[in-house]
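Q: quick one: sequence and predicted model below, then my questions.
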Amino acid sequence: MVCGPAGLSAAWAGDADGTYTAQPSGQSSSGQSSSSPPSLPVYLHQLTDIGGLRTQLEKQGLTFTFSYFGDTFYNPLGGVKQGPGYDGRFGIIMDGDLEKLVGWSGGKVHASVHSIFGSLYSTNNLDNLMLVSNIEATPTVRLFNLWFEQSLTSKISLKLGQFTAAQEFIVSKNADLFMNSTFGWPMLNTQNLPSGGPNYPEAALGARLQVTFNDQFLMRAAIFDGDPAGSGSNNPISTDKYGVAFRVNDPPFMIAEMVFGYGGARLIGAQQNPNQEGNGLPAADEEGPRLATKPTDLPGVIKVGAWYNAGTFPLQDFTQSGVMPPQVRGDAAVYGVFEQTLWRMPGSPNRALGFVARGVAAPSDRSEFDRYVDTGLTFRGALAWRPDDVVGLAFAYGHISPAAAADDRALAAQLGIPIPIRDYEAALELTYRYEIAEDWAIQPDIQYIFHPGSNIANPANQNLTPIPNAWVLGVRTALEF
């Protein structure tokens, strides 16, 4: 099973929203022979197969997967303070094939529990919004996913239960390589929606319908409870520490998107977002050499969608209206995702250069952020002797709405002091995922954070100057067994 948080390489762009190809029996993705000493993931899998129970359960249709992420960071310059930090997560993931288990055709179940730990690095060192680690969350042990999915026909599926919109909507396989959280569920969504929306670490009760018209076109739509953790805190875990709130009475959050594939891309099944469940390790491109026969076969994917939350939202420019901001009904956004494989190595189609660009727009009067864009390049197999490694460079930018900035200026005028005016936050990331073995990788990472907190005052000093831009050095260990 390969489904991971650091994401997918450019070579997978031809399999966007698709399935993964298993390696030949007795061989790892790096060509390791089964006669070689077992890698750490293989050894841990054997160690957890007590009395052959795990193997027996898999034969009966019940599969368990364990995942571990450990992110170590240090910011030599900038931020609220400098120093080291660490964020980690251990996950237990269960998948059940109901046809094998109980003879229920077309049904499957999925559940996951996360043990989240660490120093909350972005929160404590940077005070930024685009978290440098996409696994950072308040330490706890919590239920994440708990859902049932039924294939109604060969082309229509329905999912019910607790899950996230960020596992299927707005996501990009190329962007998933990166460690910064904004390249998963865009920062505009986390800042504008209650509890950050249905997104890690807070899944929500909901339903998703997907219709696959053909290999090149599908549509999906979902409805969730609109405030997964409930009001009372900006930190969802503080109000739903164990992930069992199961809220159903809040105004709904709705999201829908259309997905178009071309140039050989095949849209098969529903993609789970690696940021939430797996380990982000590369798999062979199932389309193989066929995608490299001519330049016009280079695959691409276009996604167009929108979301709407029917709850109430404060107007952003409210300083002159009194202490309590006026409330308005509903917030929304439209978005687009474009992914393209730009080039494949002749004779080695899994070595490829991919491109991604995403954009989100929301109304200015009720949204803290009204514009968001990100873009990136990923290159799998840039080094001939490391064909499964992936290198990537990406940039993200979130723009404070004019109404929110106007409110800051009005507050500064009332106070008579030059407080910082919020304007934008941006992140630049360079990363390299080094595959040690199948399902085991180390990922050195460099990030530069522009205007942490979108140019807010630095809480570490009294002179109301903004938090300085920050350099962040990091390394991730990702393991699945």
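A: Received, thanks.
Q: when you work out contacts or count neighbours from here on, use the C-alpha atoms and nothing else.
A: OK.
Q: and the helix or strand harbouring His114, which residues are buried?
A: Assigned by DSSP states H and E, His114 falls within strand 107-118. Of the residues in strand 107-118, 107-114, 116-118 count as buried by neighbour count, 16 or more other Cα atoms under 10 Å.
Q: what of stretch 445-464?
A: Buried-residue list, stretch 445-464, by 16+ other Cα under 10 Å: 445-458.
Q: ok now that stretch, how far from the chain's centre?
A: 23 Å (Cα atoms, centre = their mean, to the nearest Å).
Q: mind saving the C-alpha coords of it as PDB?
A: Extracted as PDB, the C-alpha positions of stretch 445-464 are listed here (Å, rounded to 0.1, in the frame of the first residue of the first chain):
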ATOM      1  CA  ASP A 445      13.700  20.200   3.100                       C
ATOM      2  CA  ILE A 446      14.300  24.000   3.000                       C
ATOM      3  CA  GLN A 447      11.500  26.500   3.400                       C
ATOM      4  CA  TYR A 448      11.400  30.300   3.400                       C
ATOM      5  CA  ILE A 449       8.300  31.900   4.900                       C
ATOM      6  CA  PHE A 450       7.400  35.500   3.800                       C
ATOM      7  CA  HIS A 451       5.400  37.600   6.200                       C
ATOM      8  CA  PRO A 452       4.600  35.000   8.900                       C
ATOM      9  CA  GLY A 453       1.100  35.400  10.100                       C
ATOM     10  CA  SER A 454       0.500  37.600   7.000                       C
ATOM     11  CA  ASN A 455       2.500  40.500   8.500                       C
ATOM     12  CA  ILE A 456       1.200  40.500  12.100                       C
ATOM     13  CA  ALA A 457       3.100  42.100  15.000                       C
ATOM     14  CA  ASN A 458       5.700  39.900  16.600                       C
ATOM     15  CA  PRO A 459       4.500  38.700  20.000                       C
ATOM     16  CA  ALA A 460       8.100  38.300  21.200                       C
ATOM     17  CA  ASN A 461       8.700  42.100  21.300                       C
ATOM     18  CA  GLN A 462       6.800  45.200  22.400                       C
ATOM     19  CA  ASN A 463       7.600  47.500  19.500                       C
ATOM     20  CA  LEU A 464       4.800  46.200  17.200                       C
END
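Q: and the next helix or strand past the lengthiest helix in the chain?
A: Counting residues, the longest helix found in the chain (DSSP state H) is helix 402-415. Under the assignment DSSP H and E, the closest C-terminal helix or strand after helix 402-415 is strand 424-437.
Q: pairing partners for that next one, with directions?
A: Its sheet considered, strand 424-437 pairs with strand 390-400 (antiparallel), strand 440-450 (antiparallel) by DSSP bridges.
Q: chain center to whichever helix or strand comes after the last one: distance?
A: The reference is to strand 440-450. Next helix or strand after strand 440-450 toward the C-terminus (DSSP H and E): strand 470-480. With Cα atoms, centre = their mean as the basis, strand 470-480 stands 15 Å off its chain's centre.
Q: could you report the pLDDT at the residue nearest the centre of the chain?
A: In the chain, the C-alpha nearest the mean C-alpha coordinate belongs to Gly184, at 2.8 Å (Cα atoms, centre = their mean). Listed pLDDT for Gly184 reads 95.
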